[in-house]
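S.K.: okay, structure incoming, though there's no sequence with it:
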Ligand code: GLV
Ligand code: MG
């Protein structure tokens, strides 16, 4: 007998899906691995011990003639490996590609019970999420899966950015969203060949008048989109992430880009190279001094109301909430 999955809902009747809070899980780095490479698969358990999420990448960067091998390699890796506390994700191929359907059907059929999240690239609107949501509901029912598979959208087309709010609330399966600066740059016809980060020409000169010398100040190319994505995610109870940083040799610039995203509200970033894992762990874990100060604020106002002065700085209900974000994150990481 086929039992409907927990997330099955007759769309035509508009019945709401039973909403389940995704588990509060620390996901500071989503570490990308190419599953068609055998020596990477062989190291999967070691890797899982060092990262929060292991993601088998089936999409861009996997050559067209290796797509089937990557899919089969992921299944083999998932079956053979104990990932411990690390999450197990895939980045499937885009819905308009010839590989997308088999990615979902074969992987959910073979290892759906181990798969936590499907990262869906090039999401343009809620309709892309609805399609995957329905397909997953059918497969969960067919394979009697007990745990719903979540969906993570990549925000990497101009149309996706226009529709970011409807994407964020498209399904109770929505886990979160990542900025994809490389595809987004192409989609917007930006004049860059970089993957994330700054650009030497993007900035403004300080005014000739006023204080100080005339200086060029580089700006974050991604500020607008990250801020827009963070608001859409926060308003819908899902998680925002910064995506890839392509210059593996520039650890400082990677850290700066990750830090901007963290400060704006992102909870993690992609790591495409092992050297970026430590950077993500450091940036997306709150600073010890900051946690100490935040804890003092929380302790100074046990019920979260009122106003107190700490080191000459005014604290009130709003800063108590800010402090709580930092203290809660530190606690989750410590657990
Ligand atoms: C990621 O997929 C990107 O396009 O930046
Ligand atoms: Mg992309």
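M.R.: It's in. Model, not experiment: these values are computed from the prediction. Ligands and ions are numbered 1, 2, ... in the order given.

S.K.: ligand 1 contacts on the stretch 151-300 of the chain?
M.R.: Near ligand 1, the residues belonging to the stretch 151-300 of the chain are 154, 156, 180-183, 195, 243-244 when assessed by CB under 6 Å from any ligand atom. C-betas here are computed from N, CA, C, even on glycine.

S.K.: if we go to 8 Å?
M.R.: 154, 156, 178-186, 195-196, 243-244, 270 (CB under 8 Å from any ligand atom).

S.K.: most widely separated two among these?
M.R.: Farthest apart among those by CB to CB are 186 and 270. That separation is 17.5 Å.

S.K.: list the ones among the residues of the stretch 151-300 of the chain next to ligand 1 that fall in strands.
M.R.: 154, 178-179, 270 (DSSP state E).

S.K.: can you list these in JSON lines and add neighbour count and pLDDT?
M.R.: Shown next, in JSON lines, are these (neighbours: other CB atoms under 10 Å; pLDDT from 0 to 100):
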{"residue": "154", "neighbour count": "24", "pLDDT": "98"}
{"residue": "178", "neighbour count": "25", "pLDDT": "98"}
{"residue": "179", "neighbour count": "25", "pLDDT": "98"}
{"residue": "270", "neighbour count": "26", "pLDDT": "98"}
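
S.K.: which one of those is nearest to ligand 1?
M.R.: residue 154 (5.4 Å; CB to the nearest ligand atom).

S.K.: for the closest one, give me its contacts.
M.R.: By CB atoms under 8 Å, 6 or more residues apart in numbering, residue 154 lies in contact with 91, 119-123, 160, 177-180, 183, 243.

S.K.: so which of these reach ligand 2?
M.R.: 180, 183 (CB under 5 Å from the ion).

S.K.: quick check on the contacts of residue 154: which are buried?
M.R.: Buried by 16 or more other CB atoms under 10 Å: 91, 119-123, 160, 177-180, 183, 243, out of these.

S.K.: test my guess that residue 105 contacts residue 138.
M.R.: No - applying CB atoms under 8 Å, one finds residue 105 not in contact with residue 138, separated by 9.5 Å.

S.K.: give me the number of neighbouring residues for residue 191.
M.R.: 9 (other CB atoms under 10 Å).

S.K.: wasn't residue 166 part of a strand?
M.R.: No - using DSSP: H, G, I helix; E, B strand; the rest coil, the assignment for residue 166 is helix, not a strand.

S.K.: does it touch residue 127 like I think?
M.R.: No - at 9.2 Å, residue 166 does not count as touching residue 127 under the criterion of CB under 8 Å.

S.K.: of all the contacts of residue 154, which two lie farthest apart?
M.R.: Farthest pair in the contacts of residue 154, by CB to CB: 91 and 160, 15.2 Å.

S.K.: contacting residues for residue 175?
M.R.: Residue 175 touches 22, 117, 150-152, 238-239, counting by CB under 8 Å, 6+ apart.

S.K.: what kind of secondary structure is the residue most central in space within the chain in?
M.R.: The chain has residue 241 as the residue nearest its centroid, 3.7 Å off, counting by CA atoms, centre = their mean. Assigned with three-state DSSP, residue 241 falls in the strand class.

S.K.: what sits closest to it if chain neighbours are left out?
M.R.: residue 178 (4.2 Å; CB to CB, 6 or more residues apart in numbering).

S.K.: which residue is most remote from the mean position of the chain?
M.R.: residue 209 (42.4 Å).

S.K.: okay, and that residue sits in which element?
M.R.: Assignment of secondary structure by DSSP states H and E places residue 209 within no helix or strand.

S.K.: how far away is it from ligand 1?
M.R.: Here the criterion is CB to the nearest ligand atom, to the nearest Å. By it, residue 209 lies 39 Å from ligand 1.

S.K.: how about residue 222?
M.R.: For residue 222, the distance to ligand 1 equals 10 Å [CB to the nearest ligand atom].

S.K.: any idea of the pLDDT on that residue?
M.R.: With respect to pLDDT, residue 222 scores 97.

S.K.: pretty sure residue 257 is one of the things it touches, is it not?
M.R.: Yes - the pair residue 222 / residue 257 is scored as a contact, 7.5 Å apart, by CB under 8 Å.

S.K.: neighbour count: these two, which is higher?
M.R.: Set side by side, residue 222 and residue 257 show more neighbours around residue 257, with 27 against 22, by other CB under 10 Å.

S.K.: I'd assumed the more buried one was in a helix, is it?
M.R.: Yes - assessed by three-state DSSP, residue 257 belongs to a helix.

S.K.: quick one, what contacts it?
M.R.: Contact partners of residue 257, counting by CB under 8 Å, 6+ apart, are 196-198, 220, 222, 242, 245.
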